[in-house]
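K.L.:
Only the shape, not the letters, is given here:
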């Protein structure tokens, strides 16, 4: 089957996008459990940066192997591509996961999965200013209001309590929101670059270059003793690299052949699966009323924003 036809066929798009969303959703409990298993402290910024760099460096190596040995696609890039991929790597790997890793360490896995979903709404906002056929209308405004309202409700009050008092941490909720913004910008940029380069090649290079920046930023400020890799920690680490390589490659391919806003409907599964898996696998994490309301509003928002029939991909 033709690659473009495969990645634009509605039921294939649905299956692939849901699969990617489930992988991303699983990242929240996997990373929270990994922090405990490896012994990373919530305030150890540099250790988490290095850990993120290690994860995405491994993910990029896995992709390089698949692209070269299985897909038989050239990995050579010119100077212009290098600069573009480096910029994307700083945006979509370095900055996004600097904020993500440090933000997630200061919120619960359930709250993190709800806050992380904000990237889907920023994609809609950014697409309005970039694409002539993806403008904001009344339906999208309603969806955006519901989505951002859900994020605000989930952010209010202290962890594990049903209070709605104003309690907002820059290095917690703030960093998760900044991670969502950089993720949205990276998605738009990836779509543009994919017009001339295979999405798998873009993903591999941006992850590799972005991970090097993370490692260079933190490697001199941590010691080998900072990390305690048990067998369980190794399994979680390898899985986190696999989910990144797989989800980003497949989703960037969907972005290449479909509208940026159109495929984001399936990201409704990220906060849903992330919240459920966090409640199941992270000790002491439970749904509160405000987290549940936030999750419902975010889910409704993503659904409303994207509740339209497929049109010709752009």
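P.N.:
Sure thing, it's come through. Note that the structure is predicted; figures quoted are calculated from it, not measured.
K.L.:
correct me, but residue 297 touches residue 145?
P.N.:
No: here residue 297 does not reach residue 145: they are 9.1 Å apart, not a contact under Cβ atoms under 8 Å. C-betas here are computed from N, CA, C, even on glycine.
K.L.:
ok, those two, which is more surrounded?
P.N.:
Of the pair residue 297 and residue 145, residue 297 is the one with more neighbours under other Cβ atoms under 10 Å, namely 21 against 14.
K.L.:
mind checking how far the more buried one is from residue 148?
P.N.:
Distance, residue 297 to residue 148, by Cβ to Cβ, to the nearest Å: 9 Å.
K.L.:
Now do the helices in the stretch 101-250 of the chain.
P.N.:
109-116, 118-130, 138-155, 175-193, 199-218, 231-257 (DSSP state H, counting those that start in this stretch).
K.L.:
Relative to residue 26, which of those helices is closest?
P.N.:
Shortest distance between residue 26 and these, using Cβ to Cβ, is found for helix 231-257: 6.4 Å.
K.L.:
what element comes up after the closest one heading to the C-terminus?
P.N.:
Later in the chain than helix 231-257, the nearest helix or strand by DSSP states H and E is helix 269-281.
K.L.:
Tell me which residues are up against that following helix.
P.N.:
18, 21-22, 24-29, 32-33, 108-110, 112-114, 116-117, 120, 285-287, 291, 295, 298-299 (Cβ atoms under 8 Å, 6 or more residues apart in numbering).
K.L.:
Report the rounded mean pLDDT for it.
P.N.:
Taken as a whole, helix 269-281 has an average pLDDT of 83.
K.L.:
what angle do it and helix 138-155 make?
P.N.:
Computed by axes from the mean of the first three to the mean of the last three Cα atoms, to 10 degrees, the angle separating helix 269-281 from helix 138-155 equals 20 degrees.
K.L.:
between helix 269-281 and helix 109-116, how many degrees?
P.N.:
Going by the same axes, to 10 degrees, helix 269-281 makes 170 degrees with helix 109-116.
K.L.:
And the next helix or strand past helix 269-281?
P.N.:
Next in sequence after helix 269-281, counting helices and strands by DSSP H and E, comes helix 289-305.
K.L.:
For that following helix, which helices and strands make contact with it?
P.N.:
Helix 289-305 makes packing contacts with helix 109-116, helix 118-130, helix 138-155, helix 269-281 when contacts are defined by 3 or more Cβ pairs under 8 Å, 6 or more residues apart in numbering; DSSP states H and E.
K.L.:
Of these, flag the one that's most buried.
P.N.:
Compared across the helices and strands packed on helix 289-305, helix 109-116 shows the largest average neighbour count, a mean of 29 (mean count of other Cβ atoms under 10 Å).
K.L.:
Quick one: mean pLDDT over the helix ranked longest in the chain.
P.N.:
Counting residues, the longest helix in the chain under DSSP state H turns out to be helix 10-38. For helix 10-38, mean pLDDT rounds to 89.
K.L.:
Please report how far residue 115 lies from residue 207.
P.N.:
Taken as Cβ to Cβ, the span from residue 115 to residue 207 is 23 Å.
K.L.:
Revised request: answer the last question for residue 119.
P.N.:
Counting by Cβ to Cβ, the separation of residue 119 from residue 207 is 17 Å.
K.L.:
Next, the buried residues of the longest helix of the chain.
P.N.:
Of all the residues in helix 10-38, those buried under the rule 16 or more other Cβ atoms under 10 Å are 13, 16-17, 19-35, 37-38.
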